[in-house]
Each structure stands twice: as structure tokens, then as C-alpha cells.
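Student: Next come a sequence and a model predicted from it.
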Amino acid sequence: MNKMTRPATSGPRTVDEITGGRRLRRTRKADWLRRMVQETRLTVDDLIWPIFVIDGENRRDPLPSMPHVERFSIDVAVSEARRAARLGIPALAIFPNIEIGLRDQTGSHILDADNLINRATRAIKEAVPEIGIITDAALDPFTSHGHDGILREGVIVNDETVAQVAAAAVLQAAAGADIVAPSDMMDGRIGAVRDALDAAGFQDVAIMSYAAKFASAFYGPYREAIGTSGLLKGDKKTYYLDAANASEALREAEQDVIEGADMLMVKPGLPYLDVIRQMKDEFDLPTFAYQVSGEYAMIEAAAANGWIDGERAMLESLLCFKRAGCDGILTYFAPRVAELLKG
């Protein structure tokens, strides 16, 4: 009889025979034990809160596609920054909704030292100096066509855009930004921003690179929030990454590391957990994900319809980023999660 063949009279194997005596459920039998062996943890320190700012005073403009998210006038943003600091949230990422009359083909208003994002940065930093400020030097909130770069004869021109992004980064650093996070995906932008910051005396201002920003269907509510959804001409596929390309994403990240990025980001988040894991393993730099507006809106919509437990889904989605290797997450859930974690 073949050694691998059990005698016909032996009967079904017991569970211990099947598992070799390894009962993996032993460590799941009680709450205290599950907590004790938990491998991945989410804390308030992992949260970055993206906020939208608008002109005016005492304004809170709700966003229909993003329940519980509002655009804040600067005075309200300062108040919300104080709340974030009390909750222990380490940093805010500021995104402006620029008045349409200030937008043009080249996004030139980004070079105004007193534009909305710079005024908001100064006000928050003066009132709440202990909270970190992250700014985006991309042109899309400032252009009349909604693209992240300068549009010339139907083409987003790379080098001219890079020069303007670098100049804008210096102005944002002068306003008090602690981290500049260029999201435009132009070639050479990280090196140009680093050179410009250093030349202006801002050697201590860090760069968080949007190293892998994909041409995604998940950005719609964000574009409503910054007022570009009705402006965008065409798409952004000539400069954002193809959703199918993970190897290309790593090449983009490698180039940004060479050029001087201090931190790397993947955007969107949940659809690209594989890229996050590969990027963290490959470069071992502080790595972040942006849980974008579409991801947020899907969870909120499903929860509002009673299809999922919204609170549990919110926390589970953020824990996934940590498990994939993230050191932090940009998420619109940040204040709610911080309140839950603070207990």
C-alpha cells in the first residue's frame, strides 16, 4: 500500500490530525487576546487632514458629493486647525478654491504671495504654530482649464510648468508651509523645487512627492471642491500615471528619490495598495497614501444607504493603508477618526 494512502478503515481524520495540532483560533477567542496580538495599529499620529479654503468670512460651504466635508473661509480654517491640534492630528494639507476671475491659462495667480493658499497658511501657522502645514504647488486650482500645468496649443508644457511650480513652492514656504507636496507629475519637478527652496534659504522645508499619482476615476468630488470640475478640458493622461502600470509608478518614485524627495505618496489609495507596498519595500522612505474624495464618497454613500457600517468601514479602510506600509494617510475622515481614537 502506498505510504500516502490511509487505510480505508481509519475513518475521517480529526481536526487535530488535519491541522497538526495547530489551532490558530486560540489567539482570537477573546477581545483582550485579539488586541494583544494585533499586528497593525492606527493612531492619531497617522492622520493628515486635507482641508479646502475659500475667500470670505465665517463661511462653511458644504460639499454635496462629500458629506460632512466643507470648504472653510480662512477664519473658520484657523478655528478648525485649533480643533485638529487639540485632537492630536499632526498636519493639515491645504487646497484652495480660487475665484474664477483670478484663473488664467498659465495659473499665474499661484505666483501671488498673497493668494488664498498663502494667506491661509500664514493665518493658520500664526494661530496654531504646533500643527504642520502641507501645501500643493500644482497649478490646477489656478488655471482656467483645470489642468495641473501651463497649456500651450493643446499641450501641457513640462519645463515652463516646472519653473512656475518651483517659484510657487518658494512662496508657500515663505508663507509658513512645513512640507511642499507638488502633485503635478511634471518631469523634474522635485529636483527643481528642492533647488529653489535651498537657494531661497528654505533648506528645512521638506518635499512630499506625489510620486505615483494615477489618472483615476476617483477624483470627481475633489474637483468639485476646488472648482475645476466644470473647467477641465480633456483628461490628464499625458502626465498622470496609467492605472495599469505599477512598474512605471516605481520608476517615477525612483526618479523623485534621486531628485531629493523626503517622502513619497501614492494617490489614490485603496485601489493601489500593491503600489504602496512595493514602494515602501523598494525605497524605505516615509510613505503616504491619499484616500481621495471618491474613496471617501463611496464609503459615505454606502453608509448613508445602510448598506455598510460606515464607522467600521472607515477605520478598516485606514488600517489597510497601514498594513500596506504607509507611515500616514491623507484622509477627509481625519477629525472623526481622531475623535474616535481619542475616545
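Tutor: Looks like it came in fine. Numbering: from 1, shown residues only.
Student: ranges for the helices of the stretch 151-300 of the chain?
Tutor: 158-175, 189-199, 220-226, 246-259, 273-283, 293-304 (DSSP state H, counting those that start in this stretch).
Student: Reformat those as JSON lines; add distance to residue 96.
Tutor: Heads up, the C-betas are built off the backbone N, CA and C, glycines and all. Below are these laid out as JSON lines (distance: least, C-beta to C-beta, whole Å):
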{"stretch": "helix 158-175", "distance to residue 96": "11"}
{"stretch": "helix 189-199", "distance to residue 96": "18"}
{"stretch": "helix 220-226", "distance to residue 96": "7"}
{"stretch": "helix 246-259", "distance to residue 96": "24"}
{"stretch": "helix 273-283", "distance to residue 96": "27"}
{"stretch": "helix 293-304", "distance to residue 96": "15"}
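Student: Quick one: the ones you listed as TSV, columns for distance to residue 140, mean pLDDT and mean neighbour count too.
Tutor: As requested, those are exported to TSV (distance: least, C-beta to C-beta, whole Å; pLDDT from 0 to 100; neighbours: other C-beta atoms under 10 Å):
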stretch	distance to residue 140	mean pLDDT	mean neighbour count
helix 158-175	11	98	22
helix 189-199	14	98	21
helix 220-226	7	92	21
helix 246-259	18	98	17
helix 273-283	22	98	18
helix 293-304	14	97	19
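Student: quick one: which of those is nearest residue 21?
Tutor: helix 273-283 (32.6 Å; C-beta to C-beta).
Student: Tell me what angle the closest one forms with helix 246-259.
Tutor: For helix 273-283 against helix 246-259, the angle by axes from the mean of the first three to the mean of the last three C-alpha atoms, to 10 degrees is 40 degrees.
Student: and residue 98, helix, strand or coil?
Tutor: coil (DSSP: H, G, I helix; E, B strand; the rest coil).
Student: Name the helix or strand for the closest residue to it other than its chain neighbours, please.
Tutor: Among residues not flanking residue 98 along the chain, residue 141 sits closest, at 5.1 Å (C-beta to C-beta, 6 or more residues apart in numbering). If you go by DSSP states H and E, residue 141 is not part of any helix or strand.
Student: what about residue 114, which SS state?
Tutor: Residue 114, by the three-state scheme (three-state DSSP), is coil.
Student: where does it fall, phi/psi-wise?
Tutor: phi -110, psi 20 (degrees, to the nearest 10).
Student: now the end-to-end length of stretch 200-215.
Tutor: End-to-end distance for stretch 200-215, by C-alpha to C-alpha, to the nearest Å: 33 Å.
Student: Please apply the same query to stretch 255-265.
Tutor: End to end - C-alpha to C-alpha - stretch 255-265 spans 13 Å.
Student: before we move on, what about stretch 38-47?
Tutor: Using C-alpha to C-alpha, the two ends of stretch 38-47 sit 20 Å apart.
Student: what helices or strands is the worst-scoring helix or strand of the chain on mean pLDDT leaning on?
Tutor: In the chain, no helix or strand scores lower on mean pLDDT, DSSP states H and E than helix 15-19, which sits at a mean of 90. Applying 3 or more C-beta pairs under 8 Å, 6 or more residues apart in numbering; DSSP states H and E, we find helix 15-19 packed against no helix or strand.
Student: Give the next helix or strand downstream of that helix.
Tutor: helix 31-36.
Student: Of the helices of the stretch 151-300 of the chain, which is nearest residue 119?
Tutor: helix 158-175 (7.7 Å).
Student: Outside of that closest one itself, list whatever touches it.
Tutor: Helix 158-175 has contacts (C-beta atoms under 8 Å, 6 or more residues apart in numbering) with 106-107, 110-113, 117-119, 121-122, 125, 135, 137-139, 148-150, 152, 180, 182, 184, 186-189, 192-193, 195-197, 200, 202, 205.
Student: Then stretch 252-264?
Tutor: So stretch 252-264 is contacted by 179, 185, 187-188, 190-191, 194, 206-209, 211-212, 241, 279, 282-283, 285-288, 327 (C-beta under 8 Å, 6+ apart).
Student: Would you pull up how far it lies from the middle of the chain?
Tutor: 16 Å (C-alpha atoms, centre = their mean, to the nearest Å).
Student: cool, and stretch 239-252?
Tutor: Per C-alpha atoms, centre = their mean, the centroid offset for stretch 239-252 relative to its chain is 17 Å.
Student: now do stretch 215-227
Tutor: The chain centroid and the centroid of stretch 215-227 are separated by 13 Å under C-alpha atoms, centre = their mean.
Student: what sits opposite the residue most central in space within the chain in the beta ladder?
Tutor: Nearest residue to the geometric centre of the chain (C-alpha atoms, centre = their mean): residue 290, 2.1 Å. Beta-bridge partners of residue 290, counted by DSSP bridges, are residue 330.
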